[in-house]
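Student: just to be clear, the model below is a prediction. Sequence and coordinates:
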Amino acid sequence: MKLTIKGITEEKTAWEDAGISLPSYDIEAIRAKTKETPQWIHFGAGNIFRGFIAGLADNLMEQGKLNTGVIAAESFDGEIIDKIYDPFDMLTLSVGLKADGNSIKKVTAGIAGSVKADEDHFADIMELARKESLQMISFTITEKGYACIDIEGKVLPMIEADIVAGPKKVTTAMGIVTAMLRERYKAGGHPIALVSMDNCSQNGQKLRNAVIFIARKWLKRGFVSDGFVEYISDDSKVSFPWSMIDKITPRPDSSIAEELAELGVEDMAPIETGRHTFIAPFVNAEIPGYLVIEDSFPNGRPAFEDAGVYMTTRDTVNKAEKMKVMTCLNPLHTALAITGCLLGYKKIADEMKDDDLKALAYKLGDEGMPVVISPGIISPDAFIKEVLEERLPNPYLPDTPQRIATDTSQKLAIRFGETIRGYDEKGEADKMRVIPFVLAAWLRYLIGVDDEGKEMQLSPDPMLEVVRCAMEGIKLGEECKDMSGVNWILSKEELFGINVLETGNLGDMIKEHFVEMLKCPGAVRNELKKVVG
């Protein structure tokens, strides 16, 4: 069985006999309508988009409530389009992994178009931008995709290149979307919503800040007019809704590919692109999924609520996001990722079988709860119970601490900074016990040596070279006589959302844990036992 339009049409019975659901709607009609009147473009053609966000469109199509699909735009890794989208007619085989070992398999066709957002396809992107029918552009490009300046306040080189080159020679996602808005303004100033669906705090604000930053730089260089800047600054014309997204979507696992092959599905092997994107024709993910979006769409929107999305106010989104990103899931994930890498684990689920690490996750959740405000639509207690008892321990979810550890420097302020700030505002920063250990473990992780003293590969991170440079000379088994680099790191609000050294005794607590972890092989485990004991 081939995952193509022809394959699912001509071999429909075989697919159904294999327990794989197929779209019931007219895929070709949807795609024709999308080409004529596109409504939704999405930047970031990777796994969470294919397995979750495009699945929302598929859901609405099945209900007859959406007659156009999503156009996937990829600005980072065009190889995804060449090797995963084109050969499989933009279809996705979605595999939902249950904790009991069973799975739900479904072919989805929510993606109705794809384009590389690069120089060769620039005209195609701009043509889409001019379409009055276009209601929204959404994003899953990771938090670093919105960054315009670095930790020292300097404009990032690629953003600077876009600023200097102007709107006709952009290469970054933020440069491209700002150029798209310029094109839309010139075509009549049609309204549109730009929706970040990335897993970061106040994502809509980050997106808005980036777009306006570039636009104002272009204004100074004469590339755009005052009217354009006014257009993108007017929420009734261009809105930037906030959102909270939650669905664990690991890298595609080879065991899933083997299972699909046994069912008769061909060519399912995962690949790694030249830019180190791990992707496959299928997406494996957990069953639970949450998406909360601020309902601010000046040109209309799909009926997301009918696909299980919470459409609500910005304040509710903010509370839901804080609940999840700052307390109930993401801090736990990051803590398990850092310590899991140091202790040699390869699966998050296996960490939850380790009494010390399991206790770390539970205690970290408890430590964050006092500063959580319930969003009302989701219970924090029920949410964290599901995370701790069902989601993280799911043995059939092939998620790794190494994947979660990616871009940790970009996550610390979100996942721990607000909790630290909440304690500090109450004058109780010194009462924290688990967060100081986790931040110390990150410093220990940066040494690049695991708890057995073996060299370990660190996950990709845009700040890795900078922070590792500050740690130069610090080695396992040697007394740390110079803490100036550590102090510099801990003072950076860009990393932690707060100057740790000015927050009660938090800085000293972190450094005490760090020094203990450096003493000898096995010291990380020993310090972990002290914290959770």
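Tutor: Perfect, thanks for sending it.
Student: following element in sequence after the lengthiest helix in the chain, please.
Tutor: If you go by DSSP state H, the chain has its longest helix at helix 203-221. Once helix 203-221 ends, the next helix or strand along the chain (criterion: DSSP states H and E) is helix 226-233.
Student: can you give the contact residues for that next one?
Tutor: 178, 181-182, 185, 189, 211-212, 215-216, 219, 237-238 (CB atoms under 8 Å, 6 or more residues apart in numbering). Heads up, the C-betas are built off the backbone N, CA and C, glycines and all.
Student: now, of these, which are buried?
Tutor: 178, 181-182, 185, 189, 211-212, 215, 237-238 (16 or more other CB atoms under 10 Å).
Student: from the residues you listed, pick the one nearest residue 286.
Tutor: When the buried ones among the contacts of helix 226-233 are ranked by distance to residue 286 (CB to CB), residue 211 comes first, at 32.2 Å.
Student: got the contacts of helix 226-233 as a markdown table, with pLDDT and distance to residue 437 columns?
Tutor: Converted to a markdown table, those look like this (pLDDT from 0 to 100; distance: CB to CB, whole Å):
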| residue | pLDDT | distance to residue 437 |
| --- | --- | --- |
| 178 | 98 | 41 |
| 181 | 98 | 44 |
| 182 | 98 | 48 |
| 185 | 98 | 50 |
| 189 | 97 | 52 |
| 211 | 98 | 38 |
| 212 | 98 | 39 |
| 215 | 98 | 43 |
| 216 | 98 | 42 |
| 219 | 98 | 47 |
| 237 | 98 | 47 |
| 238 | 98 | 43 |
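Student: farthest pair in the residues you listed?
Tutor: 189 and 216, at 18.1 Å, using CB to CB across these.
Student: where along the stretch 301-450 of the chain do the strands fall?
Tutor: Using DSSP state E, counting those that start in this stretch, the strands of the stretch 301-450 of the chain run over residues 310-312.
Student: can you pull out the helices in the stretch 401-533 of the chain?
Tutor: Assigned by DSSP state H, counting those that start in this stretch, the stretch 401-533 of the chain shows helices spanning 401-404, 408-412, 418-425, 434-445, 464-470, 484-490, 493-496, 506-517, 523-532.
Student: okay if I get those as TSV plus distance to residue 10, mean neighbour count and mean pLDDT?
Tutor: Below are the helices of the stretch 401-533 of the chain laid out as TSV (distance: least, CB to CB, whole Å; neighbours: other CB atoms under 10 Å; pLDDT from 0 to 100):
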stretch	distance to residue 10	mean neighbour count	mean pLDDT
helix 401-404	37	21	95
helix 408-412	46	23	93
helix 418-425	53	19	91
helix 434-445	51	25	98
helix 464-470	49	15	94
helix 484-490	59	18	96
helix 493-496	55	19	92
helix 506-517	59	21	97
helix 523-532	56	18	98
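Student: dump those into TSV; add distance to residue 102 as well.
Tutor: Below are the helices of the stretch 401-533 of the chain laid out as TSV (distance: least, CB to CB, whole Å):
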stretch	distance to residue 102
helix 401-404	24
helix 408-412	32
helix 418-425	36
helix 434-445	34
helix 464-470	39
helix 484-490	45
helix 493-496	41
helix 506-517	41
helix 523-532	33
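Student: that older thread, from the buried ones among the contacts of helix 226-233, which land in helices?
Tutor: Short answer: the buried ones among the contacts of helix 226-233 in helices (DSSP H) are 178, 181-182, 185, 211-212, 215.
Student: for residue 78, what are its contacts?
Tutor: So residue 78 contacts 116, 118 (CB under 8 Å, 6+ apart).
Student: out of the helices of the stretch 401-533 of the chain, which gets nearest to residue 317?
Tutor: helix 418-425 (14.8 Å).
Student: got a list of contacts for the closest one?
Tutor: Contacts to helix 418-425, defined as CB under 8 Å, 6+ apart, come from residues 201, 322, 326-327, 331, 367-368, 370-371, 429, 431-432, 435, 496-498, 500, 503-504, 506.
Student: dump that helix to CSV, restricted to CA.
Tutor: Extracted C-alpha coordinates of helix 418-425, given in CSV (Å, rounded to 0.1, in the frame of the first residue of the first chain):
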residue,chain,number,x,y,z
GLU,A,418,7.9,33.2,36.1
THR,A,419,7.7,30.7,38.9
ILE,A,420,10.9,32.2,40.4
ARG,A,421,9.4,35.6,40.0
GLY,A,422,6.2,34.5,41.7
TYR,A,423,8.2,33.2,44.7
ASP,A,424,10.4,36.3,44.7
GLU,A,425,7.4,38.7,44.8
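Student: derive a ChimeraX selection command for the buried subset of the contacts of helix 418-425.
Tutor: In ChimeraX, a selection of the buried entries from the contacts of helix 418-425 looks like this (16+ other CB under 10 Å):
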select :201,322,326,327,331,367,368,371,429,432,435,496,497,498,500,503,504,506
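Student: closest one of the buried ones among the contacts of helix 226-233 to residue 414?
Tutor: Using CB to CB, the buried ones among the contacts of helix 226-233 come closest to residue 414 at residue 211, 20.2 Å.
Student: show me the contacts for the residue lying closest to that closest one once chain neighbours are set aside.
Tutor: Distance criterion CB to CB, 6 or more residues apart in numbering; nearest residue to residue 211, sequence neighbours excluded, is residue 178 at 5.1 Å. Residues in contact with residue 178 (CB under 8 Å, 6+ apart) are 167, 170, 211, 214-215, 218, 232.
Student: now restrict the residues you listed to buried residues only.
Tutor: 167, 170, 211, 214-215, 218, 232.
Student: quick one: which of the helices of the stretch 401-533 of the chain is nearest residue 15?
Tutor: helix 401-404 (29.9 Å).
Student: neighbouring contacts of that closest one?
Tutor: 250-251, 333-334, 336-341, 345-348, 351, 457, 459.
Student: with only the CA atoms kept, save the helix or strand where residue 127 lies in CSV.
Tutor: When elements are assigned from DSSP H and E, residue 127 belongs to helix 122-130. Extracted C-alpha coordinates of helix 122-130, given in CSV (Å, rounded to 0.1, in the frame of the first residue of the first chain):
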residue,chain,number,x,y,z
PHE,A,122,9.3,34.1,-3.5
ALA,A,123,6.7,35.1,-6.1
ASP,A,124,4.4,32.2,-5.1
ILE,A,125,4.5,33.3,-1.5
MET,A,126,3.8,36.9,-2.3
GLU,A,127,0.9,35.9,-4.6
LEU,A,128,-0.7,34.0,-1.7
ALA,A,129,-0.2,37.1,0.5
ARG,A,130,-2.2,39.3,-1.8
